[in-house]
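In: pasting the sequence and the predicted coordinates here, then a few questions.
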Amino acid sequence: MNKISIIIPIFNEVNSISKLLLHLESEIFQKEAIEIIVVDGGSTDGSQDSLRTNFNIRLIEVGKGRAKQMNAGAKAATGNILYFIHCDGFPPKYFDQIITNEVQKGNLAGCFRLKFDYNHLLLIVSQWFTRFNHISCRGGDQSLFITKNLFEEIKGFDEKYIIYEDNEIISRLYAKKQFVVLPDCIVTSARRYRENGVWRLQFHFGIIHLKRRVGHSNESMLRYYKKHIL
């Protein structure tokens, strides 16, 4: 029987993690084939105390950095399928069965389409493009499932990336022609868009994508991110 290890990196997510855990509990098809691993990057807001659910959740504490946190979660995972999800993403009903069915078809890695919880024209257009199986339409908010064997084969997340780590690993999966986009949607919070302004934030994300495409260093992308987004 396939087993899915859900890996959730957190850092000061006290207002989000409990909502996600309750959502996962209500939407899972086969609870006995699931483990949840929460990887904390040094939260100071009490996020660790919010892990209350009927699931037996494993809490791992490592240094801050999503790539490092997700690699630590994968190393501790006992499932043969890994499912990485951000704290503000809510996968569709029976997402575990959907993922398992895809793996059984031979699709060893992929993601869901994206839907924002905010009806803004730019975000509606942006989420529409996530149905296409092209690297330019990918992002970490769509979550990522991957078999543990394939994850280990490609050596996991590149910890040199403080940002853009999701896109970097997905680019390697595309290079191996091993990526599918599932027709169901994961709903993600548009909180950062509301806080920063939709057009402004989308512009800066676009610049970061462009920097990556033309060969800028990780440090260059991180400096831009800290200057314009953080």
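Out: That came in fine, so what should we check first? Numbers count the residues shown, from 1 in each chain.

In: where's residue 183 relative to residue 58, distance?
Out: Distance from residue 183 to residue 58, counting by Cβ to Cβ, to the nearest Å: 31 Å. All C-beta spots, glycine's among them, are computed from the backbone N, C-alpha and C.

In: so which of the two has more stuff around it?
Out: Per other Cβ atoms under 10 Å, whichever of residue 183 and residue 58 has more neighbours is residue 58, with 17 against 10.

In: what about the closest residue to the more buried one other than its chain neighbours, neighbour count?
Out: Once flanking residues are discounted, residue 58 sits nearest to residue 37: 4.8 Å by Cβ to Cβ, 6 or more residues apart in numbering. Neighbours of residue 37 under the rule other Cβ under 10 Å: 24.

In: and residue 37, helix, strand or coil?
Out: Secondary structure, DSSP: H, G, I helix; E, B strand; the rest coil: residue 37 is strand.

In: that one and residue 76 touch, don't they?
Out: Yes: in this structure, residue 37 is within contact of residue 76 by Cβ atoms under 8 Å, at 5.9 Å.

In: shared neighbours of those two, which are they?
Out: Common neighbours of residue 37 and residue 76, counting by Cβ atoms under 8 Å, 6 or more residues apart in numbering, are 58, 60.

In: just to revisit the earlier point, what's opposite the residue nearest to residue 58 in the beta bridge?
Out: Beta-bridge partners for residue 37, by DSSP bridges, are residue 7, residue 58.

In: and the gap between it and residue 164?
Out: 23 Å.

In: contact partners for residue 16?
Out: 10, 87, 88, 189.

In: next: residue 168.
Out: Applying Cβ under 8 Å, 6+ apart to residue 168 gives the contacts 157, 158, 161.

In: can we see that at 6 Å?
Out: The contact partners of residue 168, taken as Cβ atoms under 6 Å, 6 or more residues apart in numbering, are 158, 161.

In: name the helix or strand for it, please.
Out: helix 165-175 (DSSP states H and E).

In: before we move on, back to that, so which of the contacts of residue 16 wins on neighbours?
Out: Taking other Cβ under 10 Å to define a neighbour, the member of the contacts of residue 16 with the most is residue 10, carrying 25 neighbours.
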